[in-house]
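Engineer: just coords:
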């Protein structure tokens, strides 16, 4: 039985129930991890993927959530722009002690 057929059988069982298919007992998520190996989790959703790889999120559902999502990472929680922490002895990326105006 191919993986596609096994996943179809899994989805049919999730929808209609009945006796658990013997072919689905050894099913794993199978999604590729960051290391490139297949995920070995066995707690699967209807999609045949685990909670890490078959996310159930459908995105923001309200206008407020969409606005918050649109500015993702651009501002802090208090509304200020992110700024690199300035320290008196910090040379920054340029590596020179001179400030941005060349003092």
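Structural biologist: Here it is on my side, so go on. Not measured: the values here are computed from a predicted model.
Engineer: okay, CA-based contacts and neighbour counts for the rest of this
Structural biologist: Will do.
Engineer: the bottom helix or strand of the chain by mean pLDDT?
Structural biologist: helix 63-70 (a mean of 79; mean pLDDT, DSSP states H and E).
Engineer: Just the pLDDT at residue 11, thanks.
Structural biologist: For residue 11, the pLDDT comes out at 87.
Engineer: Quick check: longest helix in the chain by residues?
Structural biologist: Counting residues, the longest helix found in the chain (DSSP state H) is helix 3-16.
Engineer: contact partners of the least confident helix or strand of the chain?
Structural biologist: With contacts defined as CA atoms under 8 Å, 6 or more residues apart in numbering, helix 63-70 is touched by residue 60.
Engineer: and if you look at stretch 38-53?
Structural biologist: 7, 10-11, 14, 27-33, 54.
Engineer: Could you pick out the buried ones from the residues you listed?
Structural biologist: The neighbour count (16 or more other CA atoms under 10 Å) marks 7, 10-11, 27-31 as buried among the contacts of stretch 38-53.
Engineer: want to throw these into CSV with distance to residue 20?
Structural biologist: Shown next, in CSV, are those (distance: CA to CA, whole Å):
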residue, distance to residue 20
7, 13
10, 9
11, 11
27, 12
28, 15
29, 17
30, 20
31, 23
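Engineer: Neighbours of residue 6, how many?
Structural biologist: Residue 6 has 16 neighbours, counted by other CA atoms under 10 Å.
Engineer: Could you pull up the residues touching it?
Structural biologist: 23-24.
Engineer: Relative to residue 19, how far out is it?
Structural biologist: Per CA to CA, to the nearest Å, residue 6 is found 15 Å from residue 19.
Engineer: and if you look at residue 51?
Structural biologist: As judged by CA to CA, residue 51 and residue 19 stand 24 Å apart.
Engineer: In the chain, where is pLDDT below threshold?
Structural biologist: Counting by pLDDT under 70, the chain shows low-confidence ranges at 55-57, 72-103.
Engineer: Distance of residue 20 relative to residue 26?
Structural biologist: Applying CA to CA to residue 20 and residue 26 gives a distance of 12 Å.
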